[in-house]
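In: quick one: sequence plus predicted model below, questions after.
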Amino acid sequence: ASTPVKIAVTGAAGQIGYSLLFRIASGAIFGPDRPVELRLLEITPALKALEGVVMELEDCAFDLLSDVQTGDDPAKIFDGVNLALLVGARPRSKGMERGDLLEANGAIFSAQGKALNDHAADDVRVLITGNPANTNALIARHNAPDIPAERFNALTRLDHNRAKAQVAAKAGVAVSDVSHLTIWGNHSATQYPDLYNTLIAGQNAAKVINDQEWLENDFLPTVQKRGAAIIEARGASSAASAANATVEHARDWLLGTPSGDWVSQAVPSDGSYGVPEGLISSFPVTTSGGEYTIVPGLEINEFSRAKIDASVAELAEERDAVKALGLI
Ligand code: NAX
């Protein structure tokens, strides 16, 4: 058998962790032939709960799961890891200001960035799911100067999948008929799901649907506010779908995107599409050999331009705020 790939998951005792770990251990990222070793990071008070999750992992007797290590020290947990899924973050509590939230998460993601820099494997790839994901990724990347910037991604795949499902439902087609969808910008309510470059069975989605009123006043807010709608209905935030999106992002990044399509990933901007260099913003990408390429040359109409600019402006504001706090 091949050597196990070492995968770190932070916030492993949380809601998303409870779905994510079992998917990873069953081979959902690296396929049925690659053993995995799990490295699970939690804060000290959650280690007891994490023990219970590890007992359940054992009770699945997964063929591919070669080892599980747990702990509260990122230096130990990240030692030699090839993939780090940073899910754990500090949620906004009652009365917490935005600056407090950025600062609390800044402390977490700067420490984890440093630990990855000093201890992870040379080929490490880091995917941030914990919110505010794009800015947490920016902080981690700035604290890991020895790791190439493009190894830090943030998750917008859940938004991508949500948009795809909405388009398929509206057009009355299978989700597999929807391709070339893009989420631009921040993983927040300003994100922009672009239907002008999306295809439905190979035809332009905006033209096939031909309903500007729906696109602007139904589709966009539905996708942008889907997280809140799930909380309203379920009494808890999206977890299984977020875990699924994390798996799909990591899988496609490392194993390649399907030919003739692309996916959405938040990656450090190289200045493409007018997004200031360095901001971790969502783009359409293709991947091959573990490297992504931002899809070049797409047409951006006036409507899209304004939406992308607004979301990117929000990312720049978040960057300026964490800069002012001395976090980057
Ligand atoms: P939970 O609160 O259930 O779990 C988070 C876990 O992280 C907790 O067990 C906590 O002890 C742990 N944690 C906190 N600080 C840590 C640290 N410094 N090191 C290691 N572990 C730490 O949240 P859950 O529902 O699992 O969501 C996790 C994160 O994902 C949240 O920030 C959430 O906002 C974010 N999400 C991001 C999404 C995306 O698409 N990018 C969608 C889903 C989700 O909202």
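Out: Perfect, thanks for sending it.

In: surely Phe283 is within a strand?
Out: Yes: according to DSSP: H, G, I helix; E, B strand; the rest coil, Phe283 belongs to a strand.

In: and it, bridged to which residues?
Out: Phe283 forms beta bridges with Gln265, as assigned by DSSP bridges.

In: and the residue of the stretch 151-300 of the chain that's closest to the ligand?
Out: Ala242 (3.5 Å; Cβ to the nearest ligand atom). Yep, even glycine has a C-beta here, placed from its N, CA and C like the rest.

In: then the chain?
Out: Gly14 (1.9 Å).

In: tell me who's in contact with the nearest residue in space to that residue that is not next to it in sequence.
Out: Computed as Cβ to Cβ, 6 or more residues apart in numbering, the closest residue to Gly14 that is not its neighbour in sequence is Gly88, at 6.2 Å. Taking Cβ atoms under 8 Å, 6 or more residues apart in numbering as the contact definition, Gly88 lies against 10-12, 14, 17, 41-43, 108, 130.

In: next, the residue of the chain closest to the ligand: phi, psi?
Out: Per-residue torsions, Gly14: phi -80, psi -180 (degrees, to the nearest 10).

In: and the residue positioned nearest the centre of the chain, how far from Ile300?
Out: Nearest to the mean C-alpha position of the chain, by Cα atoms, centre = their mean, lies Leu155 at 1.4 Å. Distance from Leu155 to Ile300, counting by Cβ to Cβ, to the nearest Å: 23 Å.

In: in the stretch 201-328 of the chain, what spans have low per-residue confidence?
Out: Applying pLDDT under 70 to the stretch 201-328 of the chain flags no residue at all.

In: ranges for the helices of it?
Out: Here the stretch 201-328 of the chain has its helices, by DSSP state H, counting those that start in this stretch, at 205-209, 212-214, 220-224, 226-234, 240-255, 302-324.

In: what do you get for the stretch 51-200 of the chain?
Out: So, for the stretch 51-200 of the chain - with DSSP H, counting those that start in this stretch - the helices run 74-77, 98-119, 133-142, 157-171.

In: give me the contact status of the third one with the ligand.
Out: Yes: when contact is scored as Cβ under 6 Å from any ligand atom, part of helix 133-142 falls within range of the ligand: Ala133.

In: next one: the last one
Out: Yes: contact of helix 157-171 with the ligand (Cβ under 6 Å from any ligand atom) involves Leu158.

In: other residues contacting that helix?
Out: Counting by Cβ under 8 Å, 6+ apart, 174-175, 177-178, 181-183, 187, 191, 193, 195, 198, 200, 205, 208-209, 211, 214, 219, 222-223, 226, 238, 241-242, 244-246, 248-249, 263-265, 282 sit against helix 157-171.

In: try the first one
Out: Outside helix 74-77, the residues within contact range by Cβ under 8 Å, 6+ apart are 8, 10, 39-41, 69-71, 111-112, 115-116, 118-119.

In: let me know the closest of the residues you listed to Ala324.
Out: Nearest to Ala324 among the contacts of helix 74-77, counting by Cβ to Cβ, is Ala111 at 19.5 Å.

In: show me what contacts the closest one?
Out: Taking Cβ under 8 Å, 6+ apart as the test, what Ala111 contacts is 74, 143.

In: quick one: it from Gly256, how far?
Out: The value you get for Ala111 to Gly256, if Cβ to Cβ is used, is 32 Å.

In: now swap in Gln212 and tell me
Out: For Gln212, the distance to Gly256 - Cβ to Cβ - is 35 Å.

In: comparing the two, which shows the higher neighbour count?
Out: Each of Gln212 and Gly256 has its neighbours counted (other Cβ atoms under 10 Å); Gly256 has more, 15 against 10.

In: which residues of the stretch 1-150 of the chain lie near the ligand?
Out: So the stretch 1-150 of the chain meets the ligand at 10-11, 13-17, 41-43, 46, 87-91, 108, 129-131, 133 (Cβ under 6 Å from any ligand atom).

In: how does it look with 8 Å?
Out: Within the stretch 1-150 of the chain, the positions near the ligand by Cβ under 8 Å from any ligand atom are 10-18, 41-43, 45-46, 49-50, 72, 74, 87-91, 108, 111-112, 128-131, 133.
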